[in-house]
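Asker: Sequence and predicted structure below; questions after.
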Amino acid sequence: MVPRIVIAGTHSGCGKTSIASGIMAALVARGLAVQPFKVGPDFIDPSHHTAICRRPSRNLDPFMMGEEGVAATFARAAAGADIAVIEGVMGMFDGLEGSDFGSTAHVARILAAPLVLVADVRGASRSANAMVKGYREFDPTVPFGGVIYNRVGSFRHRAMIEEGSPDRAFGWVPWQRDGAVESRHLGLQMAHETDRMGGFGAVVEECCDMDALIGLAQSAPPLNAQPEDRDDTDGPRVRIGVAWDEAFCFYYQDNFDLLRRMGADLIFFSPMADALPAADALYFGGGYPELHAGRLEKAKCRMEIRRALDDGMPAYGECGGLVYLSERMKAGGEWSMVGVLPAEAEKMDRFQALGYVDASCAGKNPFFAPGTGIRGHEFHYTRVTYAPDARFALRLSRGEGIGEGRDGLFEHNVLAGYTHAYFTPEVAGAIVGAARKARRA
C-alpha cells in the first residue's frame, strides 16, 4: 500500500491548505508521484492539489461515501503513486453536527494514516504546546505523528515554543504575510486563477523536515482495501457533454470516473466559449455562473442548449447548473439564462444553505427511480423562486434544497437542484441510461 500522511489543522484558517499544498509541491519537486486527497466535500482545495500534483485530487467523505467507499477510493486513486498526501477539513476533530463522524481524525483512522497537525501559533508561545497536547491526547486512537508550527513570528518566538514542546516538530513555518490566496463568497480562488499554492513548496522545503515527513508516511501499515473498479456497460456507450470553464468548475472526480465506467464518454465544453458538442445528454456542475452572467447570456451556446433540451435531450444540473438552466438570474443586473426550468435565481448577500444533503426520489422524473437515495452537499449564495406548478424529484431528510424540503426541479428531460451529489452506481447508471434512451429516440 502506498505511503500516506494526513495533514490536519487546529481550526479552519490555520494555514492547513497552504502547508498541505506546499508539502505536495515539495514532494513533486523531488520527482515523486504524489496522489492528493481532500477530506470532506470541498471543490476548491482539490483544484489546487490537482494543479500541483498533475493527478486528479479526490474527496474522502465518510458521509457521502461511507467508510468502505473512503478506503476504496483511496486504494483506486493512489495506485501507482509514490506517496499520498491527504489534506484535512476544518479542525482535526470537527465532524457531522459536533460529532467525530466525517472529521479529519475519522478519515485518518479509516486509512490508518499517520497524522501531522498544523498548529497556528500566531499570538501564542508556551500556550501553543498546551493546545497541541490537547489535540494529541483528546483521542488516543488517532495515529498522531507530530506537528508543524505555522505562522511563527521570529527565531525568538520559535525558541519560546520549542523550549517546552513535548511533540515531534516536523517544521517551523514563518508567517507568510504576502502569500495568502484571495477569497470570495464561496471560498478561495480556484487553481486556474492563481498559482500561489504551488509556490509554498519552496517554503515548506526550507522550513520543514521533508525526509522525516516521508519517513512518517512510509510507516503507515498495510491497508486492507480494494478499489471498486467494476465496469457496468450494459448497452452502447454514450456521449455526455460536461460544462467545464470558469463558470462551471465544481465536480467530484469520482463522479466522472463512475460515469465512464457505466458507459459514458465525457465531452468537456465551455458554455461561454464553445458551440454545443454532439452529445446524448448534458451535465452542468456548480461553480460561479453569477460572476460570468453577462458572458453566459451572450454566448451562442445558450440558445443551442435551449433548442437541444426542448427537443428532448436529457440534462442534469447541480447548483450553478440549476441557476443556468432557469429562466433568469439577478446578480448585479438581470440576465437571461437557458430558460428551460420554470424558475429564476438571485444572488444574495449571505449564504443561503451550507451542509450535507440526504435525499430520496419522491416520484416519477426524467432520471431516477422512486426511492433512489442521493447524498451530497450544498453551499450557495443564490436563492431560487419557482412557478406554482413547478415539479420536484427529491424529498430531503437533511438539507435545505430549493425550498420546503424539496430539491431536483425538473421539466421535460431536465433535472437540476442545489445538491452537489456524490454519485452511486445507481445514480450514475440512471444518468447514463437517460442518455441511452435519448440516443435511441
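Answerer: Looks like it arrived, so ask away. Residues are numbered from 1 along each chain as shown.
Asker: Residue 116 is in contact with residue 142, correct?
Answerer: No: with contact taken as Cβ atoms under 8 Å, residue 142 and residue 116 are classed as non-touching, separated by 11.4 Å. (C-beta placed from N, C-alpha, C; glycine too.)
Asker: So for stretch 106-120, mean pLDDT?
Answerer: Model confidence over stretch 106-120, given as mean pLDDT, is 98.
Asker: And that stretch, what's buried?
Answerer: Going by neighbour count (16 or more other Cβ atoms under 10 Å), the buried part of stretch 106-120 is 106-120.
Asker: Am I right that residue 277 sits in a helix?
Answerer: No: assessed with DSSP: H, G, I helix; E, B strand; the rest coil, residue 277 is coil; it does not lie in a helix.
Asker: How much space separates it from residue 308?
Answerer: Relative to residue 308, residue 277 is positioned 10 Å away (criterion: Cβ to Cβ, to the nearest Å).
Asker: Which stretches in the stretch 51-200 of the chain count as helices?
Answerer: With helices called from DSSP state H, counting those that start in this stretch, the stretch 51-200 of the chain shows them at 62-78, 104-110, 126-138, 155-162, 196-207.
Asker: And the first one, how far out from the chain middle?
Answerer: On the basis of Cα atoms, centre = their mean, to the nearest Å, the separation between the geometric centre of helix 62-78 and that of its chain is 14 Å.
Asker: So which other helices or strands are in contact with that helix?
Answerer: In terms of contacts (3 or more Cβ pairs under 8 Å, 6 or more residues apart in numbering; DSSP states H and E), helix 62-78 is packed against strand 34-39, strand 58-60, helix 104-110, strand 373-380.
Asker: In it, which of the residues would be classed as buried?
Answerer: Of the residues in helix 62-78, 62-65, 69-78 count as buried by neighbour count, 16+ other Cβ under 10 Å.
Asker: Among these, which one lies nearest to residue 49?
Answerer: Out of the buried residues of helix 62-78, the one with the shortest distance to residue 49 is residue 77. That distance is 11.4 Å, counting by Cβ to Cβ.
Asker: Now do the same contact list for the closest one.
Answerer: When contacts are counted by Cβ atoms under 8 Å, 6 or more residues apart in numbering, residue 77 is found next to 35, 37, 55-56, 58.
Asker: got the contact list for the nearest residue to residue 221 once chain neighbours are set aside?
Answerer: The spatial neighbour of residue 221 that comes closest, neighbours along the chain excluded (Cβ to Cβ, 6 or more residues apart in numbering), is residue 112 at 5.3 Å. Neighbouring residues of residue 112 by Cβ under 8 Å, 6+ apart: 143, 220-221, 223.
Asker: Now list the buried members of the residues you listed.
Answerer: Among the contacts of residue 112, those scoring as buried are 143, 220, 223 (criterion: 16+ other Cβ under 10 Å).
Asker: Ramachandran coordinates for the first one?
Answerer: This points to residue 143. According to degrees, to the nearest 10, the main-chain angles of residue 143 amount to phi -70, psi 80.
Asker: From what I see, it and residue 109 are in contact.
Answerer: Yes: with contacts defined as Cβ under 8 Å, residue 143 counts as touching residue 109 at a distance of 7.4 Å.
Asker: Now list whatever residues contact both of these two.
Answerer: Residues touching both residue 143 and residue 109 (Cβ under 8 Å, 6+ apart): none.
Asker: Any stretches of this structure with poor pLDDT?
Answerer: Filtered on pLDDT under 70, the chain yields the residue ranges 177-198, 228-233.
Asker: redo that, cut-off 80
Answerer: 1, 164-167, 176-199, 225-234, 441 (pLDDT under 80).
Asker: domains for it, by residue range?
Answerer: Segmentation of the chain into domains, based on automatic domain parsing, reads 4-218, 238-440.
Asker: could the ones you listed be laid out in JSON lines, adding distance to residue 227?
Answerer: Converted to JSON lines, the domains of the chain look like this (distance: least, Cβ to Cβ, whole Å):
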{"stretch": "domain 4-218", "distance to residue 227": "3"}
{"stretch": "domain 238-440", "distance to residue 227": "10"}
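Asker: which secondary structure elements does the strand or helix carrying residue 409 contact?
Answerer: With elements taken from DSSP states H and E, the one containing residue 409 is strand 406-411. Strand 406-411 is packed against strand 341-347, strand 353-361, strand 391-398, strand 414-417, with contacts defined by 3+ Cβ pairs under 8 Å, 6+ apart.
Asker: one more time with 6 Å, if that's ok
Answerer: The elements that strand 406-411 packs onto, with contact taken as 3 or more Cβ pairs under 6 Å, 6 or more residues apart in numbering; DSSP states H and E, are strand 391-398, strand 414-417.
Asker: May I ask you to confirm that residue 48 is in contact with residue 24?
Answerer: No: at 8.7 Å, residue 48 and residue 24 do not qualify as touching, with contact defined as Cβ atoms under 6 Å.
Asker: re earlier: can you say which of the helices of the stretch 51-200 of the chain is nearest to residue 413?
Answerer: Proximity to residue 413, assessed across the helices of the stretch 51-200 of the chain by Cβ to Cβ, is greatest for helix 62-78 (25.9 Å).
Asker: Distance of residue 277 relative to residue 283?
Answerer: Distance, residue 277 to residue 283, using Cβ to Cβ: 12 Å.
Asker: cool, and residue 226?
Answerer: For residue 226, the distance to residue 283 - Cβ to Cβ - is 28 Å.
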